[in-house]
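I need the structure of the sequence given here:
(2 chains)
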There are 2 protein chains.
Amino acid sequence: MEIEFWFDFASTYSYPAAMRIESLAARENIDVVWRPFLLGAIFNGQGMNDSPFNIYPAKGEYMWKDLSRVCGDLQLPFTRPDVFPRNGLLAARVTRRFCDFPWVSKFVRSVYSANFERNEDIASPEIIESCLASIGVDTTSIMKEAVSHESKAMLREQTDEAGRRGIFGAPSFYVGSELFWGNDRLERAIQWAADAKA
Amino acid sequence: MEIEFWFDFASTYSYPAAMRIESLAARENIDVVWRPFLLGAIFNGQGMNDSPFNIYPAKGEYMWKDLSRVCGDLQLPFTRPDVFPRNGLLAARVTRRFCDFPWVSKFVRSVYSANFERNEDIASPEIIESCLASIGVDTTSIMKEAVSHESKAMLREQTDEAGRRGIFGAPSFYVGSELFWGNDRLERAIQWAADAKA
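Below is the predicted model:
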């Protein structure tokens, strides 16, 4: 049994979901399928040229306070990034290209920590290189492959698939054909997968 | 200690919150302050002339499925209303005018059941009268008072207050100056109030 985890590296509530999903799923013997996509492209398709959290300031102000509370409750470190949303394109290309590699979950968590714990610019290749280096993989070859035409096309196609499958925000989870949206639904999605397996 | 419950009778996720808040709060000896407002006016102020669930169809389709799942998990009956959003103006005027009366919580739940359990037109005075009648209060005098100039002004002022205090959706909960948004945050808001009391 699998849970598909659809996420964007700039997405705020994807941070607590990304940090927790692998260990929560493992308890139920459920595999995580890592599916990065570009949420900005989905928002553009809805006629928005920025995050709704920036377009609607009251909603944005609340989100930062709520996210801080949520991370506190989960004992996750949190620093509000001084740029939002950060451009997660390069990190998403790396993740898409190497999504089946055993190190990918560590890389995903490393990038989220860079953005939401250390307030680092994840749009910068140097930061992504340091995330890769920190997990002990071959940085040079991975960085080169991540920006190949094929890797770029793989991420574009995955973002298109998100739109086709009715994904409108992040984090989202698919268990079979059942969609769950938001960090608040992570436990419910895993329970759904566990029930389906039983 | 009090929890302010800000809600709109058309709001989908306000339904499970409205049905649960009084009993959850009572366990912690916390009083509920019933604060209806007009969410449509808040959306208008954000440049939206309809519910975001109608403006963004993928989000709307998900919401109906998720709400059905949420109500199932809570063992709350649920029928998708065939009009959305329904006009809750009259019910909100009744609630605002009589918010301190001991029967108001029963009335609120009766209107939510009409909309989301029995799929009844809560914009209709006859339905609101039947909600009042079902809880055994003096329907005629209440209906007359609910549409007085003073009652109308009270609801307008409360909706203005929602905007001033940064409320951008429903259900919302205030515990002192701490804002919580969404049925998913009801338990956390009550815990916040209980912690503040201790």
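
Check which residues of stretch A:54-62 are buried.
Along stretch A:54-62, these residues count as buried under the neighbour rule (16 or more other Cβ atoms under 10 Å in any protein chain shown): A:56, A:58, A:59, A:60, A:62. For glycine as for every other residue, the C-beta is placed from the backbone atoms N, C-alpha and C.

do the same with stretch A:70-83
Under the neighbour-count rule (16+ other Cβ under 10 Å), stretch A:70-83 has A:70, A:71, A:76, A:78, A:81 buried.

and the gap between the nearest residue to the first one once chain neighbours are set aside and chain B?
In this structure, residue A:70 finds its nearest non-sequential neighbour in residue A:16, 5.8 Å apart by Cβ to Cβ, 6 or more residues apart in numbering or on different chains. With the distance defined as Cβ to the nearest Cβ, to the nearest Å, residue A:16 ends up 13 Å from chain B.

helices or strands next to whichever strand or helix holds residue A:16 in the packing?
In this assignment (DSSP states H and E), residue A:16 forms part of helix A:14-27. Under the contact criterion of 3 or more Cβ pairs under 8 Å, 6 or more residues apart in numbering or on different chains; DSSP states H and E, helix A:14-27 touches strand A:2-7, strand A:31-36, helix A:57-74, helix A:104-116, helix A:186-197.

what's the closest of these to residue B:98?
Counting by Cβ to Cβ, residue B:98 lies closest to helix A:57-74 out of the helices and strands packed on helix A:14-27; the figure is 28.7 Å.

helix or strand right after the closest one?
Note on helix A:57-74: by DSSP H and E, the next helix or strand toward the C-terminus is helix A:89-97.

thinking again about what came up before, give me every residue that touches the residue nearest to residue A:70.
With contacts defined as Cβ atoms under 8 Å, 6 or more residues apart in numbering or on different chains, the neighbours of residue A:16 are A:67, A:70, A:71, A:74, A:76, A:183.

on that earlier part again, quick one: the helices and strands packed on helix A:14-27 as TSV, columns for mean pLDDT too.
Rendered in TSV, the data for the helices and strands packed on helix A:14-27 read as follows (pLDDT from 0 to 100):
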stretch	mean pLDDT
strand A:2-7	98
strand A:31-36	98
helix A:57-74	97
helix A:104-116	98
helix A:186-197	97
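
Kindly reformat the ones you listed as TSV containing distance to residue B:112.
Below are the helices and strands packed on helix A:14-27 laid out as TSV (distance: least, Cβ to Cβ, whole Å):
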stretch	distance to residue B:112
strand A:2-7	32
strand A:31-36	37
helix A:57-74	24
helix A:104-116	37
helix A:186-197	23
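
Could you look up the SS state of residue A:49?
On the three-state scheme (DSSP: H, G, I helix; E, B strand; the rest coil), residue A:49 is labelled coil.
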